[in-house]
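>>> how would this look folded up:
(2 chains)
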Amino acid sequence: MVNGMTLPRFLAAGDTALLVEFGDAIDPAVNAAVIALDRALAAAEPFGILETVPTYRSLLVQYDPRTIGHAALVRRLGDLLAAGVTDSPDRGRHFTVPVVYGAEFGEDLADIARSSGLTPEAVIAAHLAAEYQVYMIGFAPGFAYLGGLPEVLHLPRRENPRARIPGGSVIIGGMQAAISATPIPSGWHVLGRTPLAGFDPARQDPFLFQPGDRLRFRRIEQPEFAALAARPAVGGPVASLDT
Amino acid sequence: MTRAALLALAPGMLSTIQDTGRRGWQRFGVSSGGAMDLEAFTAANALLGNPPGTAAIEFAYSGGVWEVNAESCRLAVTGGDFGISVDGSPLPAYTTALLQRGRTLRIDGAAGAIWGYLAVAGGFDLPPQLGSLSTHLRAGIGGLHGRALRSGDSLPLLSERASVQRERTIARRPARPDAPIRVVLGPQDDYFTAGSLDTLLSAEYVITRQGDRMGYRLAGPALIHTRGYNIISDGVVAGSIQVPGTGQPIVLLMDRQPTGGYPKIATVISVDLGQVAQRRPGQALRFQPLDIEAAQELHRGFVDALDALPGQVREIGAPQRAQRPQRAFWLRN
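You can find the predicted model right below:
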C-alpha cells in the first residue's frame, strides 16, 4: 500500500462529470495513478468523454450523458482500472527551465534565506539541486504545481499575499513549488523568474507544461533572461526539451 | 469601402463575445467559459438561421446602444424581456429585425433577467482562440482582444447585407423565478454535517451582489464542515457549489476557476444552470436533490429541446403557405 493511496472512489460532480479519486494526499504515487488513467483514456477509443482534468489525487472526467450514463461510465472505468492501468513514470517530458534568482526577479529570496536559516546562495543551490514533477495545472491559465521541493525549503506562505506577481514567477509555498504563466495574486514566496512563456495563445502549443512533465531549473543572469525572453518573438525555441 | 461592422456606441454592462465555450483546456487552467444562459443564446441563433453555437454579444442587465455600419444587418435580442428600440421604435425581444446602415439599436434592462444576447445573422468575423470565440477575461483570450467590449469598438460582420425575408419570432420559455434549483449531491458532501445537508436542501439562499461570470456568492444559513474547509485542490465544473470557511456557499459558473480547494457540497444540474444565472441579486434559491439518473434524463431532454429550437421559429404575418414562395420571389432583386 502506497502512502495516501486508496481504492479509487467514483464521485458524481453533477450530471456531466465524474471525479475519480485515488487518495487523499499530495503524493507522487497517487499523482502517477491519476496521470496513468488520464493517458489511458486519451489513448482509448472515444466513448463519450469530452474532457479530463488531472489534479494531485483525482481525475475529473467530463462526459456527454447522451453517449454514456453515470453507471455505465463507472463500470467502464472500473473495468479499465481493474485490468491494470500502468504507466512508466519516465514517460513525461523533461524540461530545463532557466531562472534568474533574487533581486527584483525574486523579491523574497532574502526572506526565504532568513526563515530557512540558509544563505541566499544555499537556498538557490537547494532549489537547483532537485528534480520536479508537474503534478497539475490549475488555479490560473498555465499555473504549474510542482512536486519535489526539498524539505529545507518547506516554509509557511506569506502573511500578506501580493495582489499581483508577474507571469513566469518561480515560487514556493508550504511543501509545494510552482511556476506562474500569467500575472496572478499570490501568497507564495517569489524566488526568481523564468523568461519562458508558460502560456502563449498564439503558439502552436499554447501551454508549455502538462501534468506528468519533469523539470530542473538552470540558473541564469539578467542578460540571458532578456535574450531568452526575446526569442519567441523571432521564432526561436522557448525551452530546452531534454531527450 | 469600410468593413461591415456593428459599432458599440455604448456597449452595456459586462458585454463580451460568447459562444458555447471551449473544450479541452481546463487541464491547462482555462475553464470552458461560454454563454451563461445556453437556452437564450441558442434561441438567438435559431431565430437568425445561424449555425448553432455562432458567437453573439452577451451582456448583463442592459445591452447598450449599437449602430449598424453595414449595408444592412439582421439581428435579434434574447435572454429576457429587455426594453429594445430601433431609433426609438420599440422592438420585442425574441424577434428578428432588419436594420439599415446608420440605424441604432438600444437595449435597456429587463425585470426578470440578467444575461441577454445580441446576435447578428451570419455572425461576427473574429478569430477563435483555443478553439472558441468566447471571451475569457482571466485568460485574456477570445472575443475582441480577450477583453470586455468598450464604447467605440467595431465588431466586424461576416455578412455585408441581410437577406430579404420576413422577420421571425420564437416563443420565449417562461421564466420560473420560484422553481427549485435541482442539485446532485457531492462530490464532497461527506465533508459536511448531516444537518448541513438538510439545511442546504430546505433553507433559502439569497443571491448576493458578489457575482459575475465566474460564480455567485449566496447568503443564508451557514453550512458546517466536519473535517475543515480545505481539500486537496481538484477539478471544478459549472454548477459546483463550493463552501469556504465562512459556510456561505458559492455557485461556480462558466468562467469558474479550473481547480479549487474548498469542499463542494453539491452540483447544480446542467439543465438548471441558466435558471441560476438569470436570477438577480436579492432573489432566493431553493435547492432540491435529484438522483444522477434523473438529472441525466433531463439533460438529454434539454439538449433535444435546444436542437429543436430552429423548428419552433415562425415568420411574422406570414400569409397562407401556398402564397409565400411567390411573394418571396417577387421581393428578391
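>>> Pop the domain breakdown of the chain in here.
All of this refers to chain A. With domains defined by automatic domain parsing, chain A comprises A:5-90, A:92-242.
>>> not quite, I wanted chain B
Split by automatic domain parsing, chain B gives B:5-175+B:309-315, B:181-290.
>>> picking that back up, now the domains of chain A in CSV, please, with extra columns for mean neighbour count.
The way it works is simple: take the backbone N, C-alpha and C, and place the C-beta from them, glycine included. Shown next, in CSV, are the domains of chain A (neighbours: other Cβ atoms under 10 Å in any protein chain shown):
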stretch, mean neighbour count
domain A:5-90, 19
domain A:92-242, 18
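>>> Now render those as a markdown table, adding distance to chain B.
Output for the domains of chain A, formatted as a markdown table (distance: least, Cβ to the nearest Cβ, whole Å):
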| stretch | distance to chain B |
| --- | --- |
| domain A:5-90 | 3 |
| domain A:92-242 | 3 |
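>>> nearest to residue B:270, of these?
Nearest to residue B:270 among those is domain A:5-90 (5.4 Å), distances taken as Cβ to Cβ.
>>> for the closest one, what is the average pLDDT?
Average pLDDT, domain A:5-90: 93.
>>> And for stretch A:160-170?
Here the average pLDDT along stretch A:160-170 is 93.
>>> In a markdown table, list the domains of chain B along with mean neighbour count and mean pLDDT.
Shown next, in a markdown table, are these (neighbours: other Cβ atoms under 10 Å in any protein chain shown; pLDDT from 0 to 100):
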| stretch | mean neighbour count | mean pLDDT |
| --- | --- | --- |
| domain B:5-175+B:309-315 | 20 | 96 |
| domain B:181-290 | 20 | 96 |
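>>> picking up where we left off before, just put the domains of chain A in JSON lines and tack on distance to residue B:46.
As requested, the domains of chain A are arranged in JSON lines below (distance: least, Cβ to Cβ, whole Å):
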{"stretch": "domain A:5-90", "distance to residue B:46": "20"}
{"stretch": "domain A:92-242", "distance to residue B:46": "31"}
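>>> mind checking which of the domains of chain B is nearest chain A?
domain B:181-290 (3.0 Å; Cβ to the nearest Cβ).
>>> roughly how far out does the closest one sit from the chain middle?
Centroid displacement of domain B:181-290 relative to its chain, using Cα atoms, centre = their mean, to the nearest Å, is 19 Å.
>>> Which strand or helix spans the nearest residue to residue B:218 once chain neighbours are set aside?
Of all residues not flanking residue B:218 in the chain, residue B:205 sits nearest, at 4.0 Å (Cβ to Cβ, 6 or more residues apart in numbering or on different chains). Take DSSP states H and E as the rule and residue B:205 turns out to sit in strand B:204-212.
>>> which helices and strands does whichever helix or strand comes after that strand pack with?
As assigned by DSSP H and E, the chain's next helix or strand after strand B:204-212 is strand B:215-219. Secondary-structure packing of strand B:215-219 (3 or more Cβ pairs under 8 Å, 6 or more residues apart in numbering or on different chains; DSSP states H and E): strand B:204-212, strand B:250-252.
>>> Kindly export strand B:215-219 (C-alpha atoms) in CSV.
Taking Å, rounded to 0.1, in the frame of the first residue of the first chain, the C-alpha atoms of strand B:215-219 are listed here in CSV:
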residue,chain,number,x,y,z
GLY,B,215,-19.9,32.5,-10.0
TYR,B,216,-22.4,33.8,-7.5
ARG,B,217,-21.9,34.1,-3.8
LEU,B,218,-25.0,33.2,-1.8
ALA,B,219,-26.2,34.2,1.7
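>>> Residue B:81: what's it in contact with?
Residue B:81 sits next to B:93, B:110, B:111, B:112, B:113, B:172 when contact means Cβ atoms under 8 Å, 6 or more residues apart in numbering or on different chains.
>>> just checking, it is part of a helix?
No. Assessed by DSSP: H, G, I helix; E, B strand; the rest coil, residue B:81 does not belong to a helix; its assignment is coil.
>>> And it, its phi and psi?
Phi and psi for residue B:81, reported as degrees, to the nearest 10, are phi -80, psi 70.
>>> and the gap between it and residue B:156?
Residue B:81 sits 30 Å away from residue B:156, going by Cβ to Cβ, to the nearest Å.
>>> which bits of the stretch 51-200 of chain B sit near chain A?
Proximity of the stretch 51-200 of chain B to chain A, by Cβ under 8 Å from any Cβ of the partner chain, involves residues B:129, B:130, B:138, B:139, B:140, B:141, B:184, B:185, B:186, B:187, B:188.
>>> Tell me where chain A has strands.
For chain A, the strands defined by DSSP state E occupy A:5-12, A:17-23, A:49-54, A:58-63, A:94-101, A:132-137, A:144-147, A:162-165, A:169-173, A:176-179, A:184-186, A:189-193, A:214-219, A:240-242.
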